[in-house]
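Q: Would you be able to build a 3D model of this:
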Amino acid sequence: MTIHPKQGIIRTPDDRFLNLAGYPFVPRYADLEGLRMHYAEQGRGQVVLCLHGEGTWSYLYRRIIAELSWKYRVIAPDLIGFGRSDKYADSQGHTLLRHVQQLKSFIDQLDLGEVTLVCHDLGTIIGAGLLAATSQRFFRLVLLNPRLSVEPSGSVFAGPDPPVGDLVAAACGTIEPEVRAGYDAPFPDARFKCALRGFADAARPDSADLQPAREALTTWFKPALVIFSDGDVSAREQGNMFRSLLPSYGEPVVIAGAGRFMAEQKGEEVADRIHSFILHNAPARQTKTFQPVPFW
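A: Prediction:
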């Protein structure tokens, strides 16, 4: 474990990420004022930016990256505190506002534009904050089992040392041991799990930080796609809220045979839905990242 003595920043050892099942991506890093943010990137063309929610990291999107990168430039960052990114040693360092500010700096650094933003679960809160902070960089919005708060009973990731791999496996019904190890990789012990507790605290239903996210969604008139899985009842219960918030909310897509982590269970099908959505919501003319291809 590496510790930054002045800022209380810790870093998961690199050997925790060796030979991860189904995750062949070369690690890339952005420097955010002394913090190292990791991201996976593959492909070229229009940008698809994938944000994970609580408890997971870019590993969740490995199948979606593989499926979409033949056509698009797919980027999946790890929020600070998750994955291969640096982590604060205090849960109070991981606030929703700070996550938004860090991702905005990341997007500015990579100079991303005309982005299709994909948000999973509570990553929707961070995504909505980005729309409020820099909406001109985004063209489409995809929400996967979106939530704007944790369940009233609290987050399963909120304990002092939540067993991340076990919790993801339980939500999926079953996953291979090597995949479970992939979700556990960033969190060798409780010291590395402060972001999980911070995320859960910040996303309480009574949190004042959630109101800006709701307001940002009410101003999104560009294309939007909402995808629920049939096994995630709590997310679908929030569906009516998103219907009332999003002006461009259409008929949601329901993925059968999946739970909360649909990208883990049905990644290929989710990728197909995203691809179809992009094709049906193309810019009216050629842009920096979009060049129409004639059909013969």
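
Q: CA atoms for contacts and neighbours, from now on please.
A: Fine.

Q: Now do the helices in this structure.
A: For the chain, applying DSSP state H gives helices covering 62-68, 96-110, 123-134, 164-172, 177-184, 194-202, 210-218, 233-237, 239-245, 262-265, 267-279.

Q: for the fourth one, packing partners?
A: In this case it means helix 164-172. helix 177-184 (3 or more CA pairs under 8 Å, 6 or more residues apart in numbering; DSSP states H and E).

Q: Would you mark the buried spots in the helix it packs on?
A: By neighbour count on 16 or more other CA atoms under 10 Å, the buried set for helix 177-184 is V179, R180, A181, G182, Y183, D184.

Q: Residues contacting it, please?
A: Outside helix 177-184, the residues that touch it by CA atoms under 8 Å, 6 or more residues apart in numbering are F17, L20, A21, T56, W57, Y59, P163, V164, G165, D166, V168, A169.

Q: redo that, cut-off 7 Å
A: The contact list for helix 177-184 (CA atoms under 7 Å, 6 or more residues apart in numbering) reads L20, A21, T56, V164, G165, D166, A169.

Q: Got the confidence number for the closest residue to the fourth one other than its chain neighbours?
A: Spatial nearest neighbour of V164, excluding adjacent residues (CA to CA, 6 or more residues apart in numbering): D184 at 5.8 Å. Turning to D184, the model gives it a pLDDT of 98.

Q: closest to Q286 among the contacts of helix 177-184?
A: Q286 has its nearest neighbour among the contacts of helix 177-184 in T56, at 35.7 Å by CA to CA.

Q: before we move on, back to that, nearest to D189, of the contacts of helix 177-184?
A: Closest to D189, out of all of those and judged by CA to CA, is V164, at 10.5 Å.

Q: Next up, the contacts around the closest one.
A: Residues near V164 by CA under 7 Å, 6+ apart: G55, Y183, D184.

Q: and if you look at M37?
A: Contact partners of M37, counting by CA under 7 Å, 6+ apart, are Y29, A30, D31, D78, I80, S85, D86.

Q: what's the neighbour count on the last one?
A: Counted by other CA atoms under 10 Å, the residues lying close to D86 total 25.

Q: Isn't it up against G8?
A: No: in this structure, D86 is not within contact of G8 by CA atoms under 7 Å, at 10.3 Å.

Q: Mutual contacts of these two, please.
A: Joint contacts of D86 and G8 (CA under 7 Å, 6+ apart) do not exist.

Q: could the contacts of helix 177-184 be laid out in CSV, adding pLDDT?
A: Compiled in CSV, these are given as follows (pLDDT from 0 to 100):
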residue, pLDDT
L20, 96
A21, 96
T56, 97
V164, 96
G165, 96
D166, 95
A169, 95
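
Q: got the residues you listed as CSV, with distance to Q101 columns?
A: Listed next are the contacts of helix 177-184 as CSV, based on distance: CA to CA, whole Å:
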residue, distance to Q101
L20, 29
A21, 31
T56, 20
V164, 26
G165, 28
D166, 31
A169, 31
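
Q: could you flag which of these are buried?
A: In the contacts of helix 177-184, the ones that pass as buried (16+ other CA under 10 Å) are L20, A21, T56, V164, G165, D166, A169.

Q: Identify, from those residues, the entry nearest to L279.
A: Taking CA to CA as the measure, L279 sits nearest to T56 out of those, at 28.3 Å.

Q: Read off the pLDDT value for Q42.
A: Note on Q42: pLDDT of 98.

Q: Could I get the contacting residues of it?
A: By CA under 7 Å, 6+ apart, the contact list for Q42 reads I65, S69, R73, V74, I75.

Q: In these, which residue is surrounded by the most others?
A: Neighbour tally across the contacts of Q42 (other CA under 10 Å): the maximum, 29 neighbours, falls on I65.

Q: which non-adjacent residue is nearest it?
A: Once flanking residues are discounted, I65 sits nearest to V74: 5.9 Å by CA to CA, 6+ apart.

Q: got the contact list for stretch 250-267?
A: 60-61, 63-64, 145, 171-172, 225-232, 270.
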